[in-house]
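Peer 1: Fold the stuff below for me.
(one chain, ligands or ions: 1)
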Amino acid sequence: MIAKGLEGVVIADSAISLVDGKNGRLLYRGYAIGDLARFSTYEETAYLLLFGSLPSRAQLASFSRVLRRSRRLSKPLLEVLAGPCRHLLPIDALRTAVSLLVQDDPCPGDRSLEAVLERGIRLIALFPSIAATHYRLSQGQKPIAPDATLGHAANFLWMLTGKKPPAEEARLVDLDLILHAEHSLNASTFAARVTASTLSDLYAAVTTAVGTLKGPLHGGAASAVVAMLDQIGSESRVRAYIQETVRTHGRVMGFGHREYKVLDPRVPVMRDVASRLEKGRRYYEILRALEREMAPLGKKGIFPNVDLYSGTVYHSLSIPQPLFDPLFALGRIAGWVAHVHEQLADNRLIRPRSAYTGPKARRYVPLEERP
Ligand SMILES: CC(C)(COP(=O)(O)OP(=O)(O)OC[C@H]1O[C@@H](n2cnc3c(N)ncnc32)[C@H](O)[C@@H]1OP(=O)(O)O)[C@@H](O)C(=O)NCCC(=O)NCCS
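Peer 2: Residues are numbered from 1 along each chain as shown. The predicted structure follows:
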């Protein structure tokens, strides 16, 4: 029996995260996502994913220093963002930019595990700079230089808006990045590992991963949810929308998950945040109604996933909708780097098989003999 979409197939040992879809648990390196959401920061969580344990105070300070001094974009990259990439969707620009980062690396072929981590930390630092800078350029605004006095999320908001964000806003973005930082062998991480397993470089692996995020079944769900909320328009139209979607075998965005057959443990954190944000109130009310109306589908294992509420939170923080897809990548980059590192530490080329269903052997007919 073929496991379509590799459903349920275990293809690697991994010590990075546990996604327990039956019991609704998610652990990063053994730590529950709820605890990390409450107590950690994205910088600390990224360290944990990359190095396997929580940092000491000195280790975190030094990690944070490296991140802060790696945020600046090179001149050639800025030129590409301002030129050929300017009118691309942010997720396409991010994918192109990651691919181009190879030009700033004097030794991209160095596959030592230390070099992969070093490069990965640079990518974590650069992702917010790329997303914010490209967005500003696409809007005809001047790029803003990074500010080394600000934390990871606060600096992203600064580079995007040119305003020092209130601490609570920076904290919410930080929280969102923690929730999206890692999720075992989801499509993008698997794609990154496949590329890494060929002994290609980290830039190629991460470019592959970003490519998968464009699809609404993976990284595009937050914006698809907001588009759906705009289409529904009000709480009173939720029931009819769901009935029609289910009748036509469509998908209600922000629901369902390949792994979680109970509630995704990231949802309560995001829901709680969304409930406290005034600007997204109208969306929040529609989302609550959607959850109520979708409850009967729980019998089939369909529950809200992390992206049900994330778009509403971004909207409330005035993050432009085209940036929703790259935001996923800003968090997940830590997980991708950890997985590429793990893959290379014990590599074997990933090369599954397919069961051939095409025609049996056929005789080749030269062109002149064909009708
Ligand atoms: C995430 C997703 C791709 C997982 O899909 P999957 O594991 O391949 O699940 P399946 O496509 O096998 O779905 C199983 C059943 O649930 C139904 N289902 C799954 N997600 C659904 C949704 N969001 N709305 C309505 N029905 C859904 C399917 O139609 C299918 O029903 P059937 O057995 O009667 O045909 C899917 O749930 C989805 O498309 N969700 C919406 C997009 C989204 O929110 N993505 C973000 C994921 S974090």
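
Peer 1: Distance check, the one residue in the chain that gets nearest to the ligand against residue 216.
Peer 2: Taking C-beta to the nearest ligand atom, the ligand has its nearest neighbour within the chain at residue 256, 2.1 Å off. (Glycine included, C-beta is placed from N, CA and C.) Separation of residue 256 from residue 216 (C-beta to C-beta, to the nearest Å): 12 Å.

Peer 1: Equivalent analysis for residue 7, please.
Peer 2: From residue 7 to residue 216 the distance is 19 Å (C-beta to C-beta).

Peer 1: which of these two has more neighbours?
Peer 2: residue 216 (16 against 9; other C-beta atoms under 10 Å).

Peer 1: With adjacent residues omitted, what lies nearest to that one?
Peer 2: residue 224 (4.5 Å; C-beta to C-beta, 6 or more residues apart in numbering).

Peer 1: my guess is residue 173 contacts residue 158, does it?
Peer 2: No. Residue 173 is beyond contact range of residue 158, at 11.1 Å (criterion: C-beta atoms under 8 Å).

Peer 1: The two - which one has more neighbours?
Peer 2: Taking other C-beta under 10 Å, residue 173 and residue 158 do not tie; residue 173 has more neighbours (26 against 21).

Peer 1: My reading is that residue 50 is in a strand; is that accurate?
Peer 2: No. Read with DSSP: H, G, I helix; E, B strand; the rest coil, residue 50 is helix and lies in no strand.

Peer 1: Give the full set of residues in contact with it.
Peer 2: For residue 50, the contact set (C-beta atoms under 8 Å, 6 or more residues apart in numbering) comprises 117, 120-121, 334, 337-338, 341.

Peer 1: at 10 Å what do you get?
Peer 2: 16, 29, 63, 116-117, 120-121, 124, 334-335, 337-338, 341 (C-beta atoms under 10 Å, 6 or more residues apart in numbering).

Peer 1: What distance do you get for it to residue 44?
Peer 2: 11 Å.

Peer 1: Save the contacts of residue 50 as CSV, and put in neighbour count and secondary structure too.
Peer 2: CSV is the format used below for the contacts of residue 50 (neighbours: other C-beta atoms under 10 Å; DSSP: H, G, I helix; E, B strand; the rest coil):
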residue, neighbour count, secondary structure
16, 22, coil
29, 19, coil
63, 19, helix
116, 22, helix
117, 17, helix
120, 23, helix
121, 19, helix
124, 29, helix
334, 29, helix
335, 26, helix
337, 26, helix
338, 27, helix
341, 22, helix
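
Peer 1: Considering only the residues you listed, which also neighbour the ligand?
Peer 2: Applying C-beta under 6 Å from any ligand atom to those, one finds that nothing falls near the ligand.

Peer 1: In CSV: the residues you listed, plus distance to residue 191 and pLDDT.
Peer 2: What follows is the contacts of residue 50, written out as CSV (distance: C-beta to C-beta, whole Å; pLDDT from 0 to 100):
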residue, distance to residue 191, pLDDT
16, 16, 98
29, 22, 98
63, 26, 98
116, 17, 97
117, 20, 97
120, 16, 98
121, 21, 98
124, 18, 98
334, 16, 98
335, 12, 98
337, 14, 98
338, 15, 98
341, 16, 98
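
Peer 1: Just the closest of these to residue 358, please.
Peer 2: Using C-beta to C-beta, residue 335 is the member of those that lies nearest residue 358, at 36.5 Å.

Peer 1: Now for residue 173 and residue 158: what residues contact both?
Peer 2: In contact with both residue 173 and residue 158: 128, 165, using C-beta under 10 Å, 6+ apart.

Peer 1: quick one, what contacts the residue most central in space within the chain?
Peer 2: By C-alpha atoms, centre = their mean, the chain has its centre lying nearest to residue 328, at 3.0 Å. Shown in contact with residue 328 (C-beta under 10 Å, 6+ apart): 91, 176-177, 180, 188, 210, 213, 218-223, 306-307, 310.

Peer 1: Contact residues of the protein facing the ligand?
Peer 2: Near the ligand, when you scan the chain using C-beta under 6 Å from any ligand atom, you find 5, 217, 221, 249, 251-258, 300, 302, 305-307.

Peer 1: go again using 5 Å as the cut-off
Peer 2: Within the chain, the positions adjacent to the ligand are 217, 221, 251-256, 258, 305 by C-beta under 5 Å from any ligand atom.

Peer 1: Type out the PyMOL command that picks the buried ones from these.
Peer 2: In PyMOL syntax, the buried subset of the residues of the chain next to the ligand is picked out as below (16 or more other C-beta atoms under 10 Å):
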select buried, resi 221+252+253+254+255+256+258+305
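
Peer 1: how about the helices in the stretch 151-300 of the chain?
Peer 2: 152-161, 167-180, 187-197, 202-213, 221-232, 238-247, 267-275, 281-294 (DSSP state H, counting those that start in this stretch).

Peer 1: Any chance of TSV for those, columns distance to residue 34 and mean pLDDT?
Peer 2: Formatted as TSV, the helices of the stretch 151-300 of the chain follow (distance: least, C-beta to C-beta, whole Å; pLDDT from 0 to 100):
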stretch	distance to residue 34	mean pLDDT
helix 152-161	19	98
helix 167-180	10	97
helix 187-197	21	98
helix 202-213	25	96
helix 221-232	21	94
helix 238-247	28	95
helix 267-275	7	96
helix 281-294	19	96
